[in-house]
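# Could you work out the structure for the sequence below:
(4 chains, ligands or ions: 4)
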Amino acid sequence: MEQVNQGARDHVYPQAAHALYRTLSQAAISAATPIAAVLVALSFGAALLWLNGFTGTDVVTVMVMGSFQDARSIGEILLKATPLILIGAGLCVAFRCSIWNIGAEGQLYVGAIAATFVGTSIDGLSVWIHAPLVMLAGALAGAAWAGIAGYLKVRFQASEIVTTIMLNYIALILTSYLVTGPMRDVSAAYPQSARLVREAWTPRIVSDMRLHIGILVAIVLAVALYIFLQRSSRGFALRVVGLNPHAARYAGMDVRRNVMIAICISGAMAGLAGAFEVAGVTHRLYQNISPGYGFEGIAVALLANNNPLAAILSGGLFAMLRSGSEVLQITSQVPQVLVLVIQGIVILSVVAFAKFRGMFAGLR
Amino acid sequence: MDDMMFFTFLAALMGAAWRLATPLIFASIGAVFSERAGVLNIGLEGTMLVGAFCGFAAAFATGSIPLGLLAGVGGGMLFGLVFAFFTITIKADQIVVGAALNLLGMGLTAFLFRTYYVSTGKGIEIAQPVHIPWLSDLPFLGEAFFRQNLIVYSTILTAILATLVLYRTAFGLTLRAVGEHPKAVDVAGRNVATYRYAAVMVGTGLAGLGGAFLTLGHSNQFVEGITSGRGFIALAVVVFARWSPIGAFFVSLLFGLFYALQLMLQAQASVVVPYQVLQALPYIMTIITLVFVRGKGAAPSKLGQPYEMR
Amino acid sequence: EDFKMGLLVPGSVSEEGWNRIGYNALKGVEDQLGAKISYVELQQNPASFEKAFRDYASQGYKVILGHGFEFQDAALEVALDYPDTYFLISSSSIHEGNVIGLNTDTSQPFYLMGVIAAKMGQKAGLVGGMEIPPIQQAFAGFKNGAKSVNPDFPISEAYIGNFTDTTAAKEAALSMISQGADFVVPNASGATVGGYQAISESGPDVRSFSIFSDFTEVAPNNILGLYVADYAQGVVEVVRSIHDGTPPTQNVVFGLKDPKVISFTFRDDGPVSVPEDIRAEVKAISDKIAAGEIKTDAQ
Amino acid sequence: MSSRPFLRIDNIHKRFGPIIASDGVSLQIDEGEIHALLGENGAGKSVLMSMICGMVRPDEGEIVYKGVPVRFNSPREAIRQRIGMVHQHFMLVPNLTVAENYILGRGSAFRVINDIDKVHAKIRELSDRYALDVRPDALIEDLSVGEQQRVEILKALFNGIDLLILDEPTAVLTPQETDRLLTLMRDLVADGKTVVFISHKLDEVMRVSDRISVMRDGRVVNTVSVDHTDARGLARMMVGRDVGMELVRSAAAPGRLVLSVENLICRSETGLPAVRGISLGVHAGEIVGVAGVSGNGQSELALALSGLLPVDSGRVVLNGKDITGLAPARINAHGFSHIPEDRHKHGIVQSLSLSENTILQRYDQPPFAARGMLSRRAIGTHTRDLIKRFRIKCHNENQRIGDLSGGNQQKLVVARELARNPDFILVNQLARGIDIGAMEFVMEEMLKQRESGKAILLISTELEELFAICDRILVMFHGEILGELPPDRARLEELGLLMAGKTADHSEQPTLAG
Ligand SMILES: Nc1ncnc2c1ncn2[C@@H]1O[C@H](COP(=O)(O)OP(=O)(O)OP(=O)(O)O)[C@@H](O)[C@H]1O
Ligand SMILES: Nc1ncnc2c1ncn2[C@@H]1O[C@H](COP(=O)(O)OP(=O)(O)OP(=O)(O)O)[C@@H](O)[C@H]1O
Ligand SMILES: [Mg+2]
Ligand SMILES: [Mg+2]
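Ligands and ions are numbered 1, 2, ... in the order given. Below you'll find the model as predicted:
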């Protein structure tokens, strides 16, 4: 046994290089599918525009080019990508464990509430302490909210699809209650919380852009979750529980505990996304703080085939489409909701391409 | 006098509950069909929106409510066809495709509505309550149950018909078997894919009808996101109702009742709890009831799984 | 030299709602006054507020609209350095030199509706979307108006919790009507139409006013009159006055005194209409409000 | 025998991707005969029969039935031609009644079901005629495996058949039930029907068949009349070499008591009483067998011992430690290994690699994990080692285990459990799904474990398996141990009676409730 360990250490570098090579080449192959899918979706969008009296080619020229105009617009894309990557990567973990957490939206709101609470009720801390504390509060609250659904699942076999949907509504209503009631900033006309103290704000990357370090945190966490799922013992257990809970139990894994861990990780990521929205973007809590990031995150994870590393790309893609559609609306008066159609088609195309790839593999 | 007030309140509550339950009844009974056949369609929200939009557009163009309803059902089924193609023919993951269809349904309806209708500001003539001689004039009962439009009345028919089809016809028998042991159905000489397509069509057609009720039978306008999460609630209703059409009917009514109750209690000046507590009531009750209606014994055992024919 | 106007919005102008209203105002100035326009989307970032104001002002922009009270502090800071530039701030009541607050007071027309309700009806019902200021302010006005006529006039209020659920808006209105309300005003953005549907179905004994858009087609037998608001037109008028060299001398509150921005009219083609004597009374009250003699939005 | 070829199969080929399931099979079945089909696992028996009954379409070749070439596109068409098949895995829908299962797929799809009473009557009539004891209104999920088997046979009769195909029908039956089935087959032939019968049990084949065909590697290698062969000859034909029917083993030398079970009581997952007070002991260096017809609580016994099913009362002591009611992880840690009955459910994770399946229990222990991370190198080395030692046929250790043949999957499970160096090994169906050659190998492995002083409890429905390696055999019936016998073939009759719930004095035990 000692020998095996010794050998492992000696070969760690070439092995890592090989693994990197393999990961990259796999990434190249798997990148081809989304790119093709995006092309299909954009063509569909163009056709839809053309059929309805708009200039169809705007979809490409305005939407894609427009969203990469300058550093600021790229910064805006990354800003939108932050919650999508966080939520998407987190959901990869839950979905890999076969837990259908549809409740990221609610977990985001609860995270935002906790972040607001910590960011408004404490004063006089250094930014080095307060800002991380706010993120931690968001993550913990999101995990706890998701944990409710997890507990109901392991304890009462209550379908998490149903409970997480219900918890979404409850979180939204709770937010509405708090900002119109106990957390309301009485001096403001709008129902909103007080402003977070400066030290609680998520630090910016460049001082005159809204982009904050949340994007870096999101990428780091997505990579970490990838390593966790693929390389760690606990991640292995989560996957086994997701693939075959009976075998997991037989092998001595604690299925309930792993389910709880997986759903809480996804909830923590969504809660963190909520904390970043409050502490990094709005600095206050509002009733409609999320434009549906929680639901879009589901699509991000599914598009990434439940791989957190790929969720970075799919989150970026969805953010780009969202930004592009805003540009498109301003320049060409195209209803911004077109982006939802394009996102939907992207997913369907990915699914179809994956299938056809399988068919070709079968023929060979 | 107080008793009188109470009964008026109760009568109005019942009437409202039934109307609010109507879209849920259609959508959840539809979902019972597709889930019994092993197909889990989380794209119901998008499908209902498509039904609501198509129903509105058709009635807007023709001025005919029956045509509108037909278009709602047709629009839902068209969407269902896409879902079925991807999940049954291509055998893609049902949750993935359902999520995509929610995006598509929301996006397409909003896009088309903004492009063609939003500036018209015009609505349509909706289905009128049908006055049933004698019954509608009954005190209390008349107000509660007999002053609805035909679409609302037809929910009863739908529930009964669905039960008969599911439990008393060869089609229903096969459908129930498909969700449980598709291979046995295959061996018995019925095409599993055909039945799943049929089940999805029934499911999405009814979801489309539920959506169309919103625009044709209740308010006279399409509004972006008019379904407001009813497609998701319908999924919850099915689990709650343990995959039975009659169960879905009554659980939907229960939801309608909670919903109506919170709206009516808000309007009562004497009720002092924050209205958000009342709003959260239906959702909290769902969770609590789910804890009591324990276990997934009744779930079709192949729910969500594509069937690989040899 | 060109007349130029800039706009700072606290979010994306592509989003339907607050930011779009600001953008529409800018477009209105372009269309009606031929101004050159530019806008920038910023979110809750005071550091960049100031920079954006400076950028525009230094480039010779005559008017800069900061669309939201959060722009107020930054504008005050910059305004000292650019005395020839006018800084307009939406939903603010400031007036310091060249920094001018703009506000639309929805409580005023709703106050009038409240008066009419208390005079013509037994009980009123208000159906709201979410509890946000435009709606709260409006409802406060309605209640104040009704109480000014009859302090015990019963009014029930309900929120549906979103702006999309027409069905809920309708049922909320129906339940109020079933509980005796005979003057119902829905105010729930997209879902509003559901409220009028309920009113229409409940027969001509239930009255209402059409708000923001013309809903008479939905409830032709019930709607007594119309209230329509146009913030863009208000901004255009203010900018026109600046262009003409007669800038406002105090903060601007669009209200009943600005008929181009807020119009409050009665219908005569319906089966029921507001009797002449009440109209006269309402007119008198409206004049008083316009003159600032009645405060409508005290909560 | 009639000379008219009732069913003629001519040079049939069938491939599944790279797998050749039928490689030019030719076979002739005569009218009114019982024709047995033998062969190793994966020889292609089931696939061939599936082609006859329309479930699988041949790639090439011809099937001539009653003198006419046929090409069935669905089982329905075969049923219409009066061909019925009882599959290895039952084709019964658990949430429907017997009668509903029978009318499934019959008549127009849009038919209203209003003739269910007639169906019930017909089922009762057939049930009486062949003494099958089937209740038409029973829900399938409430029936025992044996009952479901009869329901399947009756379904074929209900459909009206000239040809009945039975795929391993006796695997789950008691010797008595088997006798009854063999009699039924004879009755059917007497009624003019033809029977094709697949089995691995040579003695049954010898008893009931008229002719026997042996398949190997997707071909029929020989067809003989029952009068011209014996069991040994058949075995040789199947495997292509002589199979040692008797394994060499030393006399038992039981050591210390490793596992002791005292008055164990537990219920099945559906909450019905399953294990009703079992006591037993297993010593180091002995193999104790548990015989019984499936469904008599063996599965629950195995699950309860390994911590997968809650124990109502009683005690399980392993290596002197009370392990009753502990979590599987704790039980495993005390030197417990378990080769599970249901490989697909418990034993493996299909979509994971061989490597990942080898560390299922030890994923968080050194050398496979260090500081919470998996050590791929150690895992790979270990897996390659097992593959070599157990001669597992595979491409490499990173291959999906689900792509392996069942026998090789089973070998990996056995290898994994033995590699954990346990003190006690619980085996439920050692040889399930593996061919005679592999069976010989794993049995030898078990005997080696016994030599090295492990305690082994072998639960099996296959008497051959038990006789071959056990030191003593306990018979389980209705959740209880009815008796203990030495592995002596001479007492087969007695064993069979015990398995049917009849104690030595032949008094009947209460039968399974519900
Ligand atoms: N070698 C051992 N000896 C005794 N008890 C052990 C041993 N290893 C683990 N256990 C106990 O078994 C239980 C589960 O073990 P472990 O911590 O490995 O699993 P887990 O982390 O709870 O879940 P999972 O199996 O999903 O990783 C714990 O209560 C632990 O104390
Ligand atoms: N649907 C399928 N897809 C791929 N391979 C298959 C399929 N069905 C059978 N096979 C393969 O065809 C070969 C023959 O299988 P078959 O089931 O006929 O064996 P058998 O003789 O019945 O074995 P057993 O004694 O285990 O029943 C095996 O290698 C099997 O894995
Ligand atoms: Mg562990
Ligand atoms: Mg077989």
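
# which SS class is the residue in the stretch 401-514 of chain D positioned nearest to chain A?
Of all residues in the stretch 401-514 of chain D, D:Arg416 sits closest to chain A, at 9.8 Å by C-beta to the nearest C-beta. Heads up, the C-betas are built off the backbone N, CA and C, glycines and all. Three-state call for D:Arg416 (DSSP: H, G, I helix; E, B strand; the rest coil): helix.

# contacting residues around it?
Residues near D:Arg416 by C-beta atoms under 8 Å, 6 or more residues apart in numbering or on different chains: D:357-358, D:360-361, D:386.

# Now do it, the pLDDT please.
Per-residue pLDDT puts D:Arg416 at 93.

# what about it, distance to D:Gly347?
Distance, D:Arg416 to D:Gly347, by C-beta to C-beta, to the nearest Å: 9 Å.

# C:Phe264 bridge partners, please.
C:Tyr227 (DSSP bridges).

# what residue ranges in chain C are flagged as low confidence?
Applying pLDDT under 70 to chain C flags the ranges C:1, C:11-17, C:42-48, C:299.

# Where does it get nearest to chain D, which residue?
Nearest to chain D, among the residues of chain C, is C:Thr167, at 35.0 Å (C-beta to the nearest C-beta).

# Relative to chain A, how far out is the residue lying closest to C:Ala188 once chain neighbours are set aside?
Closest residue to C:Ala188 apart from its sequence neighbours, by C-beta to C-beta, 6 or more residues apart in numbering or on different chains: C:Gly129 at 3.3 Å. Distance from C:Gly129 to chain A, counting by C-beta to the nearest C-beta, to the nearest Å: 11 Å.

# Pull the number of nearby residues for C:Gly129.
The tally of other residues near C:Gly129 (other C-beta atoms under 10 Å in any protein chain shown) stands at 24.

# OK, contacts around it?
Going by C-beta under 8 Å, 6+ apart, C:Gly129 touches C:135, C:159-163, C:169, C:187-189, C:191-192.

# That one and ligand 2, how far apart?
According to C-beta to the nearest ligand atom, to the nearest Å, C:Gly129 stands 57 Å off from ligand 2.

# CA atoms only for stretch B:165-176, dumped as PDB, please.
Output in PDB follows, covering the C-alpha atoms of stretch B:165-176 (Å, rounded to 0.1, in the frame of the first residue of the first chain):
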ATOM      1  CA  VAL B 165     -61.200   7.200 -20.000                       C
ATOM      2  CA  LEU B 166     -58.400   6.300 -17.500                       C
ATOM      3  CA  TYR B 167     -60.200   3.500 -15.700                       C
ATOM      4  CA  ARG B 168     -62.800   2.200 -18.100                       C
ATOM      5  CA  THR B 169     -61.300   2.200 -21.600                       C
ATOM      6  CA  ALA B 170     -58.600   0.100 -23.200                       C
ATOM      7  CA  PHE B 171     -56.800   3.400 -23.900                       C
ATOM      8  CA  GLY B 172     -56.700   4.300 -20.200                       C
ATOM      9  CA  LEU B 173     -55.700   0.900 -19.200                       C
ATOM     10  CA  THR B 174     -52.800   0.800 -21.600                       C
ATOM     11  CA  LEU B 175     -51.800   4.300 -20.600                       C
ATOM     12  CA  ARG B 176     -51.600   3.400 -16.900                       C
END
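
# next one: that stretch to chain centre, how far?
The chain centroid and the centroid of stretch B:165-176 are separated by 21 Å under C-alpha atoms, centre = their mean, to the nearest Å.

# again with stretch C:209-224
Centre-to-centre, stretch C:209-224 and its host chain are 17 Å apart (C-alpha atoms, centre = their mean).

# Pull up the distance across that stretch, start to finish.
6 Å (C-alpha to C-alpha, to the nearest Å).

# Could I get the buried residue list for that stretch?
C:209-211, C:215-216, C:218-219, C:221-224 (16 or more other C-beta atoms under 10 Å in any protein chain shown).

# Select, from these, the two members most distant in space.
Using C-beta to C-beta, the buried residues of stretch C:209-224 span at most 17.5 Å, a distance reached by C:Ile211 and C:Asn221.

# Now do the same contact list for C:Phe71.
Taking C-beta under 8 Å, 6+ apart, one finds C:8, C:10, C:49, C:53, C:89 in contact with C:Phe71.

# ok, how many other residues are close to the fourth one?
This points to C:Phe53. Neighbours of C:Phe53 under the rule other C-beta under 10 Å: 27.

# helix, strand or coil for it?
Looking at C:Phe53 with three-state DSSP, the answer is helix.

# What sits closest to it if chain neighbours are left out?
Among residues not flanking C:Phe53 along the chain, C:Val78 sits closest, at 4.2 Å (C-beta to C-beta, 6+ apart).

# List the buried residues in the helix or strand that neighbour falls within.
Taking DSSP states H and E as the definition, one finds C:Val78 inside helix C:72-79. Within helix C:72-79, the residues scored as buried using 16+ other C-beta under 10 Å are C:72, C:74-76, C:78-79.
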